[in-house]
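Participant: I would like the atomic coordinates for the input below:
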Amino acid sequence: MSEESYWTQSARALLSRRRLGGLTGSVAATSALLVACSSGARPSAGSGSAGPAAAGAPKPGGTYNAAIALNAPLDPQLISQQPTEIVAGGVMSRPFRYKTGSDPSTILNHDPEGDLAVSAESPDGVTWTLKLRPDAKFHETAPVNGHAVEAEDVKATYTRALSLDRNPNRGALGMIDPSQIQAPDKSTVVFTLKYAYAPFRSILASPSYSWIFPREALAGTYDPSKTVIGSGPFTLDTATPDVEYVLKRNPAWFEKGRPYVDSVRLAVITDTAQQLAQFSSGHLDEVQIPSNDVETMQRDNPKAMLLKSPPSSGANLYFQLGDPASIFLDLRVRQAFSMLLDRDSIAKAIFNNQYVTSLFVPPNLGKWSLRPDQLDVATAPFYKFNSAEAKKLLDAAGLSNLALKYAFTTNSSGVDVGRNAVTETVNSMLNAGGIKTTAVQLDFQKDYIDQGKGYRQGYFSKDTVLFGASQVFTEIDDFVFGYFDSKSTQNQEHLTDTAVDGMIAKARTLVDDGARLQAYLDIQRYTAGKMYIVPTGFGYAFRMVQPRVQNFNLGSDNGAVVESYSKVWFSA
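Facilitator: This next block holds a predicted model:
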């Protein structure tokens with residue numbers, strides 16, 4: 001039996017068992033992979049009757065039912081991974097949000113449109129003047145009590161973000177000097193950045209960084225981890241961990257007449273099969289679907305709309321590069337790990353070939369994502385399956401009998417879209433290559449996030465290889481700075497490479513799009529050659545929406561409530 005057919009059959013067997021949690025010799029739990037209907041190639045809608053386009057006039061009322069796989073923290077400045085921001089993202093607003101439309105490909109462009117702001121202008125990429133809309137106000141919740149959203153609130157939000165040691169995202173805001181944020185009047189905010197940063201509007205639209213708090217959060221007059229106060233389309237009605245989060249329509253939202261639904265219910269459902277069953281029984285209005293279940297779900301739900309879109313995250317191996325005693329500082333070791341992965345078999349067996357062979361930056365960023373065919377000829381072979389050469393590299397590094405911990409997380413994305421099988425298959429491939437692993441299952445919140453001090457931020461030992469997700473971002477600089485720059489608080493491997501630091505520092509100042517594109521592709525070629533992060537690839541994302549849902553606009557993960565759910569209504 002060939003190696004390829006062996007892995008194909010093994011992976012299919014793992015997938016068919018559909019185990020969630022537990023360990024039997026290898027890994028049988030899901031990874032921290034984040035499947036999103038985000039940018040990249042254009043998504044397509046299936047033949048169901050619940051098309052994205054609206055049918056008739058909006059009909060107010062009803063509850064929109066969706067599911068999340070984990071409890072959702074309420075303070076987005078203490079979170080570094082979607083989709084746990086979704087509750088806060090339904091209650092709060094950003095200066096900008098992403099444009100969506102009846103055409104599901106609209107979100108792929110990630111074009112900012114006004115949310116709390118009406119404009120953000122800069123003559124040089126350094127000084128940015130933000131103008132706020134005059135009709136936005138916070139919810140009628142003490143101690144804020146519905147006061148208007150003003151420049152001081154925006155200033156307080158970014159000051160707080162940069163002053164919180166526990167904020168895992170603060171490094172991505174490094175271009176902002178909080179002492180140089182001015183509020184000359186109630187509707188004007190002026191940022192004087194530390195350096196020219198052309199994509200600053202993307203920061204202001206980011207569903208990871210830019211949910212605007214009332215100024216009382218910075219003053220400490222309420223605890224945002226216990227009370228979420230915003231100016232968004234919904235208020236938080238009830239939060240019942242392990243059961244559900246219920247958002248209630250905000251009648252005073254500045255988008256007059258919306259949202260159309262009375263409430264959004266986010267049920268905490270950790271089991272993939274249960275989510276699919278809840279959708280088929282009509283208890284969920286949307287669900288993500290593993291590629292191998294698409295045919296069955298279409299048969300069981302012939303009137304539902306099916307959306308296919310390129311992934312915004314994928315599975316990767318991460319190494320500890322901040323410890324001088326780490327074996328992973330040897331490039332040969334990282335190359336060997338990559339060559340032990342049979343990505344073609346993963347694509348065929350687990351994703352039914354609904355799979356994108358890509359490098360670290362996911363294909364949802366389009367031209368900004370380096371493709372394998374753009375690799376240097378000296379680098380490309382190390383992304384091919386070749387167990388014999390991998391073993392030679394390990395032998396040359398003096399690591400013929402390597403034993404490590406293989407750490408992975410429980411599901412965080414809502415549905416296991418084949419990642420349980422990928423997690424276990426990757427571990428099996430490493431073992432087949434002579435690497436003895438001990439599986440370590442991590443709790444997503446307690447171990448992986450740990451309020452900014454977890455595995456996600458690189459706090460793991462040198463004898464551990466971590467299998468997990470790339471965070472979902474919508475701007476190329478978030479990926480390369482966040483994961484590879486030594487100054488980033490999101491540098492998952494604690495990498496320090498002065499060459500890549502210099503490349504990133506230059507790229508961040510470039511205003512010309514053509515020059516920026518080339519600079520970021522060059523950074524990716526460099527980091528791919530260094531094999532700092534080993535990708536396994538990306539499966540396409542599939543989502544089903546019930547036929548009763550009208551005007552469904554595909555949105556970003558963390559911003560789905562305002563970008564999508566605030567626009568839907570139900571047919572009679």
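Participant: low-confidence ranges in this protein?
Facilitator: The model of the chain has pLDDT under 70 over residues 1-55, 80-84, 410-418.
Participant: Determine which residue lies closest to the centroid of it.
Facilitator: Val472 (2.2 Å; C-alpha atoms, centre = their mean).
Participant: in what helix or strand does it lie?
Facilitator: Assigned by DSSP states H and E, Val472 belongs to no helix or strand.
Participant: Quick check: it touching Ser312?
Facilitator: Yes - the criterion here is C-beta atoms under 8 Å, and Val472 meets it with Ser312 at 4.9 Å. Bear in mind the C-beta positions are built from the backbone N, C-alpha and C, glycine included.
Participant: residue ranges of the strands in the stretch 401-550 of the chain, please?
Facilitator: 403-409, 436-442, 464-469, 534-539, 541-545, 549-550 (DSSP state E, counting those that start in this stretch).
Participant: now for the second one, which elements pack on it?
Facilitator: Strand 436-442 makes packing contacts with strand 403-409, helix 419-432 when contacts are defined by 3 or more C-beta pairs under 8 Å, 6 or more residues apart in numbering; DSSP states H and E.
Participant: again, 10 Å this time
Facilitator: strand 403-409, helix 419-432, strand 464-469 (3 or more C-beta pairs under 10 Å, 6 or more residues apart in numbering; DSSP states H and E).
Participant: Flag every buried residue along it.
Facilitator: Residues of strand 436-442 classed as buried by neighbour count (16 or more other C-beta atoms under 10 Å): Thr437, Ala439, Val440, Gln441, Leu442.
Participant: Taking strand 403-409 as reference, get the angle to that strand.
Facilitator: Put simply, strand 436-442 runs at 30 degrees to strand 403-409, going by axes from the mean of the first three to the mean of the last three C-alpha atoms, to 10 degrees.
Participant: who does strand 436-442 pair up with?
Facilitator: Strand 436-442 pairs in its sheet with strand 403-409 (parallel), by DSSP bridges.
Participant: what's the angle from the partner strand to strand 464-469?
Facilitator: 30 degrees.
Participant: So which bits of strand 403-409 are buried?
Facilitator: The neighbour-count check on strand 403-409 (16+ other C-beta under 10 Å) flags Leu404, Tyr406, Ala407, Phe408, Thr409 as buried.
Participant: all strands of the stretch 251-400 of the chain, in order?
Facilitator: 263-268, 286-289, 305-309, 315-318, 355-356.
Participant: so what's Ser326 closest to, chain neighbours aside?
Facilitator: Nearest non-adjacent residue to Ser326, counting by C-beta to C-beta, 6 or more residues apart in numbering: Lys462, 3.9 Å away.
Participant: The one you found: neighbour count?
Facilitator: For Lys462, the neighbour count with other C-beta atoms under 10 Å is 16.
Participant: In this structure it contacts Phe319, no?
Facilitator: Yes - applying C-beta atoms under 10 Å as the test, Lys462 and Phe319 come out as touching, 8.6 Å apart.
Participant: tell me, what's touching the two both at once?
Facilitator: Ser326, Ile327, Phe328, Leu329, Leu404 (C-beta atoms under 10 Å, 6 or more residues apart in numbering).
Participant: Now do the same contact list for the third one.
Facilitator: What that stands for is Phe328. 317-321, 334, 337, 404, 462-465, 493, 531-532.
Participant: now do 6 Å
Facilitator: Shown in contact with Phe328 (C-beta atoms under 6 Å, 6 or more residues apart in numbering): Phe319, Leu321.
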